[in-house]
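Prediction below, plus the sequence it came from.
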Amino acid sequence: MTTTTLAVLVPLLPFLGAIAGLLLGRTAPGFVRPLAVLPPLASLVLAALVAARQGGEGAVDAATELTPTGSVPIELALHIDGFAALTAVLVTVVATCVQIYSTGYLRDDPRYPSYAALVSLFTSAMLLVVYSGDLMVLLVGWEVMGICSYFLVGHYWETPEARAASLKAFLVTKLGDVPFLIGLFALATEAGSFRITRILGAVADGGIEHPTLIVLLLLAGVAGKSAQFPLHTWLPDAMAGPTPVSALIHAATMVAAGVYFIARLLPLFEASQAAMTVLAVMAAVTMTGSAVAALAQDDIKRVLAYSTIGQLGYMTGALAVADRGAAVFHLLSHGAFKALLFLAAGVIIHASGTNSLAAMSRMGHLRDRVPDAYWTTTVALLALAAIPPFSGFFSKEAVLGVAEHVVTGHTEHAPAAAGWIVLLAGLVTALLTAAYAMRLWLLAFRGHGPEAPDHGRQPLSMTVVLWVLAVPSLALGGLAFRVLPDWFDGHDLTPTLTTSVLGTGVALVGGIVTYATWRHTTAHVARVPLGAVAAHPEGDAGLVEAEAIATHEPAYGDIAYASDPADPGRLLLGPLHRPAAAGFHLDAVYTALFVRPVRAGASLVRFLDREVVETYVRGAGRLPRWLGAAVRRAQTGNLQTYVSALLAGTVVLTVAVVLAATGA
């Protein structure tokens, strides 16, 4: 079987599994789980074969014209280079793990058949994006993922949070997709083709006349899909969906698509120095702002969501300094440990029997209850914090290393300003990342919250997956930076001494300071006397919660805002804590800038339609009715009346004719 045939089957099998799952979900429920797990598992095997055959050598290209368009042709094309081959392996690994995990996590969910089918369709759409060599075909997978995310995030549609989150995710990403689509058409018009290879050839020959405008339009779609500032606000709210869906979206699909798209077309972006600087600024604001927000969140899944936004900022930062090797390296590394973090969080939530303990301020006594989640989360957090020798260290240092090369003038593919922006923001984010990683570990496993009832051991399908993903989280980086250069255009990914020392140093400082702050606040809370009315940084509510923690009893119902006085994030952020916990109120800003004007415009249109247009419509209907009523009154049915009227009319006409003749 040829490599091309194998590559076609990789996205096709999950698609067929999704169709079969939707058709057989109700009539043959016994086939649902095999149809959920086997297609992505088979795609994983085939994707690994494709990667082995591609071997990091020349790209595999194949194309056939779908339909004659008369101008720019649309082709069903494959373009599989080293980036595509390895990214497809990542997607299928994570998708298979998520499907296996979901058989236990959602085993009692009545809507599991449709959920599993949508996950398979989601996987197929991402694989289409990865392997596609034509931008219009890529756009199909791009949009199908948006539709799947709408249904999967809103899986628990009974809750208003899930309904609002799914709608928000759909609308915000569509806000970016509109200019993205315009940019695609403009690019194809100037290049004369939607084929990626021909577009890159046109870029190399100087055939793109307006690269800055096109790139900025494309960046809008990337910002929406990959949750980059300012279109990132949908991702934290998307945590209302099932936790395995969060793992899939954050680790290998949807948000990774934007980064991968830029990596595909990086020479086009390099053609505009201004666009590269804009990309660097976007990455810097995204990674630092999201890291601060993560340090203030109480919900464990929202911490991980903001973490994903920040790590995607590292990837776009690497692309801003014109190194797609470092970007995709971090994409692969991040996919492993972020999927592990979300699935481990799912084990914690599953162990509590309710989503209420997603709030870390309410967690307690979990280390011994969920040992698998404890140890694997520790591994994943060390990788996230970029502590050597875990995988995140090597991939994050690759990003900082290429930024340093731009700053020191070792490469001229990106402006020096972009290098400085990415390097400084990357170091600050490394400090904050280690801080919120340490805070999550302390509050989740050594917190003072009430002990939840024991719901027994988790299904084996959930815990085994954690250990499977822990292996690449621990070992991928050390092996990959030696092997991946052959797959990534020969770019050296070896950590440099300067950035390794700086990055690891600030990470250790962030972790140690957070731990010391936690010890200090814990000791302070322990000394608060019950019933005391002494002043507290958060007022009476904070004191009530301190008393509740001391007695291991919840003070009041589930809270969305962090209320644990022992939370080190409060002391570290100070007055910045509340705005950071609210995402710096960007949703309120967007409501003022977009939602309210749109609603006001809609109200104006409704008023005009009801009071103006409908008034004329009603008037146009009343006039014939009035005329009809007048004519109806003249229709008496009396023959003598009709003859008299006829004679009278004849006399009037005769007189009129005579008068006219006399006047003439």
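Yes, it's here.

Helices along the stretch 451-600 of the chain, start to end?
460-483, 497-526, 539-551, 568-573, 577-581, 586-590, 596-607 (DSSP state H, counting those that start in this stretch).

Now the most centrally placed residue in the chain: closest residue in space, sequence neighbours ignored.
With distances taken as C-alpha atoms, centre = their mean, the chain has residue 255 as the residue nearest its mean C-alpha position (4.2 Å). Distances taken as C-beta to C-beta, 6 or more residues apart in numbering place residue 226 nearest to residue 255, at 4.9 Å, with adjacent residues excluded. To be clear about C-beta, it is placed using only N, CA and C from the backbone, and glycine gets the same treatment.

returning to what we had before: ok, and which of the helices of the stretch 451-600 of the chain has the densest surroundings?
helix 568-573 (a mean of 22; mean count of other C-beta atoms under 10 Å).

Only alpha carbons, please: show it as PDB.
Listed next in PDB are the C-alpha coordinates belonging to helix 568-573 (Å, rounded to 0.1, in the frame of the first residue of the first chain):
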ATOM      1  CA  PRO A 568      -0.700  31.900  47.700                       C
ATOM      2  CA  GLY A 569      -2.000  33.500  44.500                       C
ATOM      3  CA  ARG A 570      -3.700  36.200  46.700                       C
ATOM      4  CA  LEU A 571      -0.500  37.400  48.300                       C
ATOM      5  CA  LEU A 572       1.600  37.100  45.100                       C
ATOM      6  CA  LEU A 573      -0.800  39.100  43.000                       C
END
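
That helix - contacts with which helices or strands?
helix 416-445, helix 497-526, helix 577-581 (3 or more C-beta pairs under 8 Å, 6 or more residues apart in numbering; DSSP states H and E).

right, and those - which one's nearest residue 236?
helix 577-581 (10.9 Å; C-beta to C-beta).

Mind listing residues that contact the closest one?
Applying C-beta atoms under 8 Å, 6 or more residues apart in numbering, the contact partners of helix 577-581 are 292-293, 295-298, 561-562, 569-570, 573, 585.

do that again at 7 Å, thanks
292-293, 295-297, 561-562, 569-570, 573, 585 (C-beta atoms under 7 Å, 6 or more residues apart in numbering).

Mind putting the helices of the stretch 451-600 of the chain into JSON lines with mean pLDDT?
As requested, these are exported to JSON lines (pLDDT from 0 to 100):
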{"stretch": "helix 460-483", "mean pLDDT": "84"}
{"stretch": "helix 497-526", "mean pLDDT": "88"}
{"stretch": "helix 539-551", "mean pLDDT": "37"}
{"stretch": "helix 568-573", "mean pLDDT": "89"}
{"stretch": "helix 577-581", "mean pLDDT": "91"}
{"stretch": "helix 586-590", "mean pLDDT": "88"}
{"stretch": "helix 596-607", "mean pLDDT": "88"}
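
mind listing what's buried in stretch 421-430?
421-423, 425-430 (16 or more other C-beta atoms under 10 Å).

Determine which two of the residues you listed are furthest apart.
The widest separation within the buried residues of stretch 421-430 (C-beta to C-beta) is 14.9 Å, between 421 and 430.

hang on, residue 162 packs against residue 152?
No - taking contacts as C-beta atoms under 7 Å, residue 162 lies outside contact range of residue 152: 10.0 Å.

Comparing these two, which shows the higher neighbour count?
Set residue 162 next to residue 152 and count neighbours by other C-beta atoms under 10 Å: residue 152 wins out with 25 against 20.

Of all the residues in whichever helix or strand the more buried one is part of, which ones are buried?
Using DSSP states H and E, residue 152 falls within helix 135-153. For helix 135-153, the neighbour count (16+ other C-beta under 10 Å) marks 135-139, 141-142, 144-146, 148-153 as buried.

ok, back up a step: now render the helices and strands packed on helix 568-573 as a markdown table, adding distance to residue 471.
Putting the helices and strands packed on helix 568-573 into a markdown table (distance: least, C-beta to C-beta, whole Å) gives the following:
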| stretch | distance to residue 471 |
| --- | --- |
| helix 416-445 | 20 |
| helix 497-526 | 22 |
| helix 577-581 | 34 |
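
nearest to residue 106, of those helices?
Between these, helix 416-445 lies closest to residue 106; by C-beta to C-beta that is 22.4 Å.

tell me what the closest one is packed against?
Counting contacts by 3 or more C-beta pairs under 7 Å, 6 or more residues apart in numbering; DSSP states H and E, helix 416-445 packs against helix 273-294, helix 300-320, helix 371-384, helix 391-407, helix 497-526, helix 568-573.

mind redoing it with 10 Å?
Under the contact definition 3 or more C-beta pairs under 10 Å, 6 or more residues apart in numbering; DSSP states H and E, helix 416-445 sits against helix 273-294, helix 300-320, helix 324-352, helix 371-384, helix 391-407, helix 497-526, helix 568-573.

Among those helices, which comes closest to residue 211?
So among those, helix 273-294 is nearest, using C-beta to C-beta, at 7.2 Å.

relative to helix 391-407, how tilted is the closest one?
Angle of helix 273-294 versus helix 391-407, following axes from the mean of the first three to the mean of the last three C-alpha atoms, to 10 degrees, is 140 degrees.

Residue 363: which of the helices of the stretch 451-600 of the chain is closest?
Comparing the helices of the stretch 451-600 of the chain by C-beta to C-beta, helix 539-551 comes nearest, at 11.2 Å.

contacting residues around the residue nearest to the centre of the chain?
145, 149, 225-228, 232, 235, 238, 249, 305, 308-309, 311-312, 315, 331, 338 (C-beta atoms under 10 Å, 6 or more residues apart in numbering).

go with 8 Å
225-227, 235, 249, 308, 312.

Can you say which of these are buried?
225-227, 235, 249, 308, 312.

is it possible to export the helices of the stretch 451-600 of the chain to a markdown table including distance to residue 76?
Below are the helices of the stretch 451-600 of the chain laid out as a markdown table (distance: least, C-beta to C-beta, whole Å):
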| stretch | distance to residue 76 |
| --- | --- |
| helix 460-483 | 32 |
| helix 497-526 | 43 |
| helix 539-551 | 59 |
| helix 568-573 | 50 |
| helix 577-581 | 47 |
| helix 586-590 | 38 |
| helix 596-607 | 38 |
